[in-house]
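1. Take a look and give me a structure for this.
(chains A and B)
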Amino acid sequence: MASGVQDYYRGVDIALQALGEVTNRPKYGGALLAWGSVTVTANSQNTLVGIVGKGMTYGGAVWLDYTLPQSNSQVWLGIDGYTITNMSFERLVEYSINNPRAWPVSVHKKDSVNYVYSVGVSYGVTFETQLVLAYLEEHGTTPTVHYRLVYALI
Amino acid sequence: MRIELRGIIRKHEAGKEFVTLFVTEQKPYRYKILEMGVDIKVNRGTILTFLANEYDISPGEIVWPDHIEVNEQNVKMSLPL
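-> Below is the predicted model of the structure:
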């Protein structure tokens, strides 16, 4: 009985550069968008969106414009059950943590006069089982938080 | 047709929680988006039942990857404080 690989299968000699070119790309599915607006509960952690799966972020934004201060509130990003970033708008601005390549949630705007706040979510944050985007309200009020998250799943 | 679950998304919008499933059918990287429901309890059993009804197959025929983790009561979607 015949066995083994068929005759028309041949190995590739890498040393001889037998292949003219090789296409190398991540095997993620197409980009997806999660979006919405949540009127959060005061003094609580509020989940904005949760994703169960394996994948990667392409980017995102969380913002709110409000009539009361929210400087001490925080946008949280959790990966596989662990919180990986939970800094307040105030702290992000104080230390100019605004480089998306250096930190997964970076500040875009904190206007304490007009009460406009926003942060961005970095490209390339991978998750193996779960991603959670949440908002921790710290001023005892109930702002409406808007979010957009672009990601891909394997 | 090989149905494989690839993702579960729970998003909050206008005071409600929307649950969406991403599955693959014949093409492994073209996802089909299925709206599972609003403000519902989500666990492995309810997901398999939903997909089985959606595709008119038995729950045992649905492929559930190892990296998709849900607990028996509900999908935990919060972070440790």
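2. Residues in a beta bridge with A:Ile51, which ones?
-> Beta bridges link A:Ile51 to A:Leu131, B:Ile9, judged by DSSP bridges.
3. Could you check the pLDDT of it?
-> For A:Ile51, the model assigns a pLDDT of 95.
4. what do you get for the one 3 residues further on?
-> According to the predicted model, the pLDDT of A:Lys54 comes to 94.
5. what about it, how many residues close to it?
-> A:Lys54 has 22 neighbours, counted by other C-beta atoms under 10 Å in any protein chain shown. Where C-beta positions appear, they are placed from N, C-alpha and C, glycine not excepted.
6. May I have the phi/psi pair for it?
-> Dihedral angles phi and psi of A:Lys54 (degrees, to the nearest 10) take the values phi -120, psi 130.
7. Can you list the low-confidence ranges for the chain?
-> Since you didn't name a chain, this refers to chain A. For chain A, applying pLDDT under 70 flags the ranges A:26.
8. nope, chain B
-> By pLDDT under 70, the low-scoring segments of chain B are B:28, B:71-81.
9. Strands along that one, start to end?
-> When assigned using DSSP state E, the strands of chain B occupy the ranges B:4-13, B:16-24, B:31-38.
10. Equivalent analysis for chain A, please.
-> Secondary structure of chain A (DSSP E): strands at A:32-39, A:45-53, A:55-65, A:74-79, A:82-85, A:105-111, A:116-121, A:126-127, A:130-136, A:144-153.
11. Compare these and give me the one nearest B:Val38.
-> strand A:32-39 (12.4 Å; C-beta to C-beta).
12. in that closest one, what's buried?
-> Buried positions in strand A:32-39, judged by neighbour count with 16 or more other C-beta atoms under 10 Å in any protein chain shown: A:Leu32, A:Ala34, A:Gly36, A:Val38.
13. is stretch A:24-43 anywhere near chain B?
-> Yes. Using C-beta under 8 Å from any C-beta of the partner chain, stretch A:24-43 reaches chain B at A:Lys27, A:Tyr28, A:Gly29, A:Gly30, A:Leu32, A:Ala34, A:Trp35, A:Gly36, A:Ser37, A:Val38, A:Thr39.
14. isn't the fourth one right up against B:Tyr31?
-> So the one you mean is A:Gly30. Yes. With contact defined as C-beta atoms under 8 Å, A:Gly30 reaches B:Tyr31; the gap is 6.9 Å.
15. These two: which is more packed in?
-> The neighbour count for A:Gly30 versus B:Tyr31, taken as other C-beta under 10 Å, is higher for B:Tyr31 (20 against 9).
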